[in-house]
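Colleague: Output the structure for:
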Amino acid sequence: MSWRGLSVVGGRLRYRPKSLWWRRSTLRFEPEAVAVVPRSGPTTLLPWETSGTGWQLVGVYASRANRAGIEIRLAPARLVDVWHPVYGSHSVWLPSTWSTPPIEELPALTDFLTATPAARPSLADGARLDALLAALATRSWQKPAPPGEPLAGDGLDLHVAIGRALDGMEWRRYRGRPVRGEGRPDQALVAERARARLTRAVSGRTSDEELAAAVRRHVGIGEWPFDVLLPAPPVPST
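Modeller: Next comes the predicted model:
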């Protein structure tokens, strides 16, 4: 299966978008590392354990400076012979010309794999990878969308308070969304902790109903289908 430049080739997840830029590399996701395969020259392995410090995968929206695409930003010690007109040689740049790149999906997946070693062995399981692409292609994870951040006022204070309450409860989210099957925090407890973070003035102007509705919007959002990469739970003995 192929979707937005992602495909399963030889039992491995690969990202290579259709692009007019002939120098683009290919990303291959291995259980131990992300392999950056240039059109010529040696392959560079970026271990999962160094993600966030030695390298970072990000989605880049289209602008006057560049096309939309995926970029791996590298620490100086991990230079690859790929030149980007904006970021220079400290990056691997994969622009997408003929399809919409997975600007949200691929960075979220990478963050999930970095934080979840138990899911990485499935990067060598072609059937699970096909199931992942099929689940992403349904777009069912997109709705409900995470609430947008208000520009100012009590709404902004409430938004920030709920977000910090959720962070304090260690609810795992990637690019703003949880992973399917990982559970959701108790909404009453979220509301209680969020109210404690509001100033007295804002709290006095915020009713319990308004706070509860805001918490529902934060918690009741679409979930990533990354659970298909996790090992199946053990079957209880009889």
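Colleague: In contact with the most centrally placed residue in the chain, which residues?
Modeller: Closest to where the C-alpha atoms of the chain average out (CA atoms, centre = their mean) is residue 108, at 0.9 Å. Residue 108 sits next to 174, 175, 177, 224, 226 when contact means CB atoms under 8 Å, 6 or more residues apart in numbering. C-beta: built from backbone N, CA, C; applies to glycine.
Colleague: Can you verify it is assigned to a helix?
Modeller: Yes. Under DSSP: H, G, I helix; E, B strand; the rest coil, residue 108 sits within a helix.
Colleague: re earlier: which one (most neighbours) among the contacts of residue 108?
Modeller: When neighbours are counted by other CB atoms under 10 Å, residue 226 leads those with 27 neighbours.
Colleague: Check the spacing between that one and residue 168 real quick.
Modeller: When distance is defined by CB to CB, to the nearest Å, residue 226 is 23 Å away from residue 168.
Colleague: about what we covered before: quickly name whichever of the contacts of residue 108 is closest to residue 158.
Modeller: Lowest distance from residue 158 to those (CB to CB) belongs to residue 177, with 20.2 Å.
Colleague: Could you verify my assumption that the closest one touches residue 224?
Modeller: Yes. Assessed by CB atoms under 8 Å, residue 177 is found in contact with residue 224 at 5.3 Å.
Colleague: which residues are common contacts for the two?
Modeller: Residues touching both residue 177 and residue 224 by CB under 8 Å, 6+ apart: 108, 141.
Colleague: how about residue 123, what does it touch?
Modeller: Applying CB under 8 Å, 6+ apart, we find residue 123 in contact with 12, 13, 29, 30, 31, 113, 129, 229.
Colleague: Narrow those to those that are buried.
Modeller: Of all the contacts of residue 123 considered here, the ones buried according to neighbour count by 16 or more other CB atoms under 10 Å are 12, 13, 29, 30, 113, 129, 229.
Colleague: Give me the distance between the fourth one and residue 122.
Modeller: The one in question is residue 30. Counting by CB to CB, the gap from residue 30 to residue 122 is 11 Å.
Colleague: Would you agree residue 63 falls within a helix?
Modeller: No. Residue 63: not assigned to a helix; according to three-state DSSP it is coil.
Colleague: And the strands in the protein?
Modeller: For the chain, applying DSSP state E gives strands covering 2-3, 6-9, 12-15, 26-29, 33-37, 44-47, 55-60, 69-74, 91-95.
Colleague: Give the pairing partners of the last one; include direction for each.
Modeller: Strand 91-95 sits in its sheet next to strand 69-74 (antiparallel), going by DSSP bridges.
Colleague: report the angle between the axes of the strand it pairs with and strand 33-37?
Modeller: Angle, strand 69-74 to strand 33-37, by axes from the mean of the first three to the mean of the last three CA atoms, to 10 degrees: 110 degrees.
Colleague: returning to what we had before: residue 65: which of the buried ones among the contacts of residue 123 is nearest?
Modeller: Checking those one by one against residue 65 (CB to CB), the nearest turns out to be residue 29, at 27.7 Å.
Colleague: Quick check: bridge partners of that closest one?
Modeller: Note on residue 29: beta-bridge partners by DSSP bridges are residue 13, residue 34.
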